[in-house]
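Visitor: can you look at this prediction? I've put the sequence above it.
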Amino acid sequence: MRLAKECLDVGLYTDRYDDLRRFYVDEIGLPYEELLKAGRGIHQHRVGLRGSVLKLNSSREQLDDSPTNFRGFAISAPEHRELIDPDGTSVVLSPDVEALSIEWASTDTDRLGVLLRDGFGATPEGGSTWRVGTTRLVLRPGGQTVTSLRSRGFRYLTVQVWDVREEHARLVDVGWREMTAPLKLGETAYISFVTDPDGAPIEISQRASLTGPLPSD
């Protein structure tokens, strides 16, 4: 996979944005970057995450709680702290983390590891730990079926690529499941979604700010 950015991004959904902003910006000290109006009642507040982006997708409608296999993440920090955000996501601050580390549960960690290797060029780091670019993915047993993207908590990851249509087709060919076919969002981005066999979503994104002008349909 040709990555347009070496780190993955973290996507959360919430109907308690003010509480999450206080937690991530005021308490932890992450830098607020910008607001994007994502449509369908969603404002995406983007927060810096050690080179990655933490996407706080604020819903004007009430959200429910449903299973997610993205259990939490850890980021580099001078001192070790273990926290829980207002929507229940585990957040660890640790000097032992290089940049960003994701806890990802699966019903079959071996199968998921193969899909990450074949689809995203993930490299093994021993056991059930893999790396895509600078982001570490720690695969845990105990995953469950995921059926909803728009629910509270840590819902998806974003991978930035040079050609979303090419990469989306290749991912489906190697065993990832199509959730949303490539869709052009004006002149800002092309995006699509795939899922692992449990339904955990990955957004594939081609942003003009990273790759230059987008191709015409």
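Guide: Received the coordinates, thanks.
Visitor: counting contacts, what elements does the helix or strand where Ala105 lies pack onto?
Guide: Taking DSSP states H and E as the criterion, Ala105 maps to strand 100-106. Under the contact criterion of 3 or more CB pairs under 8 Å, 6 or more residues apart in numbering; DSSP states H and E, strand 100-106 touches strand 70-76, strand 135-141. C-beta: built from backbone N, CA, C; applies to glycine.
Visitor: buried deepest among the ones you listed, which one?
Guide: Highest mean neighbour count among the helices and strands packed on strand 100-106 (mean count of other CB atoms under 10 Å): strand 70-76, with a mean of 21.
Visitor: show me the helices in the chain, by range?
Guide: Secondary structure of the chain, counting by DSSP state H: helices at 17-21, 109-120, 164-173, 208-211.
Visitor: so for Asp85, which of those sits nearest?
Guide: helix 17-21 (6.2 Å; CB to CB).
Visitor: picking up where we left off before, could I get the helices of the chain as CSV with distance to Arg136?
Guide: Listed next are the helices of the chain as CSV, based on distance: least, CB to CB, whole Å:
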stretch, distance to Arg136
helix 17-21, 23
helix 109-120, 12
helix 164-173, 20
helix 208-211, 22
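Visitor: how about stretch 123-130: buried residues?
Guide: Within stretch 123-130, the residues that count as buried by 16 or more other CB atoms under 10 Å are Ser128, Trp130.
Visitor: picking that back up, Gly11 is nearest to which of the helices and strands packed on strand 100-106?
Guide: By CB to CB (comparing all of those), the closest turns out to be strand 70-76, at 8.7 Å.
Visitor: other SSEs contacting the closest one?
Guide: strand 90-94, strand 100-106, strand 153-160.
Visitor: dump those strands to JSON lines, plus mean pLDDT.
Guide: Below are the helices and strands packed on strand 70-76 laid out as JSON lines (pLDDT from 0 to 100):
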{"stretch": "strand 90-94", "mean pLDDT": "98"}
{"stretch": "strand 100-106", "mean pLDDT": "98"}
{"stretch": "strand 153-160", "mean pLDDT": "98"}
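Visitor: make a markdown table out of those and add mean neighbour count and distance to Gly72.
Guide: Output for those, formatted as a markdown table (neighbours: other CB atoms under 10 Å; distance: least, CB to CB, whole Å):
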| stretch | mean neighbour count | distance to Gly72 |
| --- | --- | --- |
| strand 90-94 | 17 | 3 |
| strand 100-106 | 22 | 5 |
| strand 153-160 | 23 | 7 |
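Visitor: closest to Glu61 out of these?
Guide: Nearest of these (CB to CB): strand 153-160, 15.0 Å.
Visitor: look at the residue lying closest to Lys37 once chain neighbours are set aside and say how many residues are nearby.
Guide: Nearest residue to Lys37 in three dimensions, chain neighbours excluded: His43, at 5.9 Å (CB to CB, 6 or more residues apart in numbering). His43: 15 surrounding residues under other CB atoms under 10 Å.
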